[in-house]
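# Fold the following and give me the result.
(chains A and B)
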Amino acid sequence: MIVAEQKSLEELKSLIGESEKVLVVGCGTCVTVCFAGGSREAAIMSSSLRMASKLNGDEKQITDVTVQRQCEWEYLDQIAEQVADVDVVLSLGCGIGVQAIAEHFPNTWVVPGLNTTFLGLPSEQGVWEERCAACGDCVLGLTGGICPIARCSKSLLNGPCGGSEAGHCEIDPEVDCAWQLIYDRLNSMGKLNVLLDLQPPKNWSTSRDGGPRKIVREDLRLAEEEE
Amino acid sequence: MTTSKSDNGYLSGSNLERMLRAGHFAATGELGPPQSADGEEIRKKAALLKGFVDAVNITDNQTAIVRMSSIGAGTIVVQEGLEPVIQMTCRDRNRLAIQSDLLGAYALGMRNLLCLTGDHQTFGNHPNAKNVFDMDSVQLVKAVSDMRDEGIFECGDAFKGLEPRFFVGAAAAPFADPIDFRPYRLAKKVNAGADFIQTQLVYDVPAFAEYMEKVRGLGLHEQTYILAGVGPLKSPGMARYMKKNVPGILVPDEIIDQMTAAGAPWADKKKDELTKDDKRARSKAWKEAGINICIELINQLREIKGVAGVHIMAIEWEEAVKPITEGAGLYPRPTVMEEQPA
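Numbers count the residues shown, from 1 in each chain, chains lettered A, B, ... in the order given. Prediction:
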């Protein structure tokens, strides 16, 4: 899932600026699961901002609403009236949600309430870790299901650098060395020989380096037209 | 060794390559460029190393701190009559920049290249920088070997003129984790085309001998030249710091004890009782011990089968290279003429 965390109240206040009427929009999908931008967080956020504006002596009208998914037009249609009524929308969706609102409501000013952080999972209660870099050309079949692109600090493809120590990455003792994990897993499965092959330089054109990406599925488009 | 296309039988014809192929025990040094545009700094350091080593590594923004470029500093080193080993990390450049810079380096007279992954930028003075890591060090070794041996760019396009013919090196970290994989990681670099290897600092000779046994078991010592990394310690504190904080460096307690013993005459004095002269004298005693330990390490390392030379890392203490090479019987350096090797 997409993992995000809230921006500081200070930054949010500055993003809202002089706007009088603010709509905080939560999202019911990924950011709900990571406790950053669901209906609960949207309610708390609007209440905090109301309190802050009151303390600041310029009490703003701040309300909140949460849609099932900010990244789909049909859910955004449901809040069109509320959006039209405010000076600014503070989206608690991921970066996709913010942009979907901007695209769907061309006359509305929208600002982000979250920093979209990574694609990952909750490794334990209250802890989320990055797992995928969305590089567009999955290498997990070569590395025992552990991604060196997302999880090695240097995205190495041919094994650990000299900075691997006792299972940790040189950049931080709290960060696992992805190549130690890969090595251990392949070792336990009797597949270490996989690591002896030279992996050629990666084709990054399928990643962000190739420019903004787009998938067109003609089969699905045709099906849509037939409806 | 890798097949060669050059007329003289050498891959690159560098002094370092000629020295190794002639069977001499090689000595390389290290020169850290300044955090300034002052070429005079390079000339001063080059003067301290010239004649004592066969070639000198010029670091590439080591520890991710911005310094004069390896190729820029290397050009000055060439002018000073010393042979550089250009270091190239994958951290700061993509495959276009790396290849382009290497064409320039070759045109400027550089013949040795050390391919490195590079320290992560979070260690340095620009921790907010974007890193590159388009290629890794193994892929870089393959790319520059292919430039020389296949006459092609990384993309596969053929050179339309002179191709750069580097003596291609790579690093090895014998004691980094996962330690069982390290000989195989070296094998990957050798299979990718590494002509020579320079290792991380070795202080624990028995542990290194064990590593070399595995390396020999894979036959790697017959396919590449392995230069063991050594470096003089400046103080017991430096030894303890490296043991504790630097991944992949083992410092045995005996060596820390030897360093501590060198400072024994001042050990009873409290920190604030030490005069400037005391501190100077203690530092001198420590440094002498550090140099002697380094000489002893070289003597032990050259007895290990498959060790073709030493890489002496005395960064910001280039003066130490002279007494080390003299003490280890590595001075004067042999000369090898540019004739065809046997």
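# Write out the residues of chain A neighbouring chain B.
By the rule CB under 8 Å from any CB of the partner chain, the part of chain A lying against chain B is A:153-167, A:170-172, A:177, A:179-180, A:183-184, A:192, A:195-196, A:198-202, A:204. For the C-beta atoms, the positions are set from N, CA and C on the backbone; glycine is no exception.
# Give the burial count for the residue in chain A that chain B sits nearest to, as a bare number.
Proximity of chain A to chain B (CB to the nearest CB) peaks at A:Gly162, 3.1 Å away. A count of nearby residues for A:Gly162, using other CB atoms under 10 Å in any protein chain shown, gives 25.
# what's near enough to touch it?
With contact set as CB atoms under 8 Å, 6 or more residues apart in numbering or on different chains, A:Gly162 has these partners: B:117, B:171, B:173, B:176, B:200, B:247-248.
# CA atoms of the longest strand along chain A as CSV?
Secondary structure of chain A per DSSP state E: the longest strand is strand A:114-124. What follows is strand A:114-124, C-alpha atoms only, in CSV (Å, rounded to 0.1, in the frame of the first residue of the first chain):
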residue,chain,number,x,y,z
LEU,A,114,0.5,14.5,3.9
ASN,A,115,3.9,13.6,2.7
THR,A,116,3.5,10.5,0.6
THR,A,117,6.4,8.5,1.8
PHE,A,118,6.7,5.1,0.1
LEU,A,119,5.1,1.8,-1.1
GLY,A,120,5.3,-0.5,1.8
LEU,A,121,3.7,-2.5,4.6
PRO,A,122,3.2,-2.4,8.3
SER,A,123,6.0,-4.7,9.6
GLU,A,124,4.5,-4.5,13.1
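# List the buried residues of whatever helix or strand comes next after that strand.
Next along the chain after strand A:114-124, taking DSSP states H and E as the criterion, comes strand A:127-132. Neighbour counts using 16 or more other CB atoms under 10 Å in any protein chain shown place A:128, A:131 of strand A:127-132 among the buried residues.
# which neighbours does strand A:127-132 have in its sheet, and in what orientation?
Partner strands for strand A:127-132, per DSSP bridges, with pairing direction: strand A:114-124 (antiparallel).
# And the strands in the chain?
Using chain A here. A:2-6, A:21-27, A:61-67, A:88-91, A:109-112, A:114-124, A:127-132, A:168-169, A:172-176.
# Hmm, no, I was thinking of chain B.
Going by DSSP E, chain B shows strands at B:26-31, B:55-58, B:84-89, B:112-116, B:167-172, B:196-201, B:225-230, B:307-312.
# picking up where we left off before, tell me which residues of the longest strand of chain A are tucked away?
Within strand A:114-124, the residues that count as buried by 16+ other CB under 10 Å are A:114, A:116-118, A:120.
# Show me chain A divided up by domain.
Domains of chain A are assigned by automatic domain parsing as A:2-118, A:135-210.
# how far does the shortest one sit from the chain's center?
Yep, that's domain A:135-210 we're talking about. Centre-to-centre, domain A:135-210 and its host chain are 22 Å apart (CA atoms, centre = their mean, to the nearest Å).
# Same question for the longest one.
Centroid displacement of domain A:2-118 relative to its chain, using CA atoms, centre = their mean, is 15 Å.
# what's the first-to-last distance across it?
6 Å (CA to CA, to the nearest Å).
# repeat for stretch A:144-160
Start-to-end span of stretch A:144-160 (CA to CA) is 15 Å.
# Contact partners for the residue in the stretch 201-342 of chain B that chain A sits nearest to?
Closest residue of the stretch 201-342 of chain B to chain A, CB to the nearest CB: B:Pro247 (3.7 Å). With contact taken as CB under 8 Å, 6+ apart, B:Pro247 is in contact with A:162-165, A:170, B:173, B:176-177.
# Setting aside sequence neighbours, what's the nearest residue to it?
Once flanking residues are discounted, B:Pro247 sits nearest to A:Glu165: 3.7 Å by CB to CB, 6 or more residues apart in numbering or on different chains.
# Show me what counts as buried in stretch B:135-145.
Under the neighbour-count criterion of 16+ other CB under 10 Å, stretch B:135-145 has B:135-145 buried.
# do stretch B:177-185 as well
B:177-179, B:181-185.
# circling back: dump the contacts of A:Gly162 to a markdown table, plus pLDDT.
A markdown table is the format used below for the contacts of A:Gly162 (pLDDT from 0 to 100):
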| residue | pLDDT |
| --- | --- |
| B:Thr117 | 96 |
| B:Ala171 | 98 |
| B:Ala173 | 97 |
| B:Ala176 | 96 |
| B:Gln200 | 98 |
| B:Pro247 | 88 |
| B:Gly248 | 92 |
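# Can you say which of the residues you listed are buried?
Buried subset of the contacts of A:Gly162 (neighbour count, 16+ other CB under 10 Å): B:117, B:171, B:173, B:176, B:200, B:247-248.
# Among the residues you listed, which one sits closest to A:Leu222?
Minimum distance to A:Leu222 across the buried ones among the contacts of A:Gly162 is 47.5 Å, recorded for B:Thr117 (CB to CB).
# Just checking, which helix or strand of chain A averages the lowest pLDDT?
Using mean pLDDT, DSSP states H and E, helix A:218-226 stands out as the lowest-scoring helix or strand of chain A, at a mean of 74.
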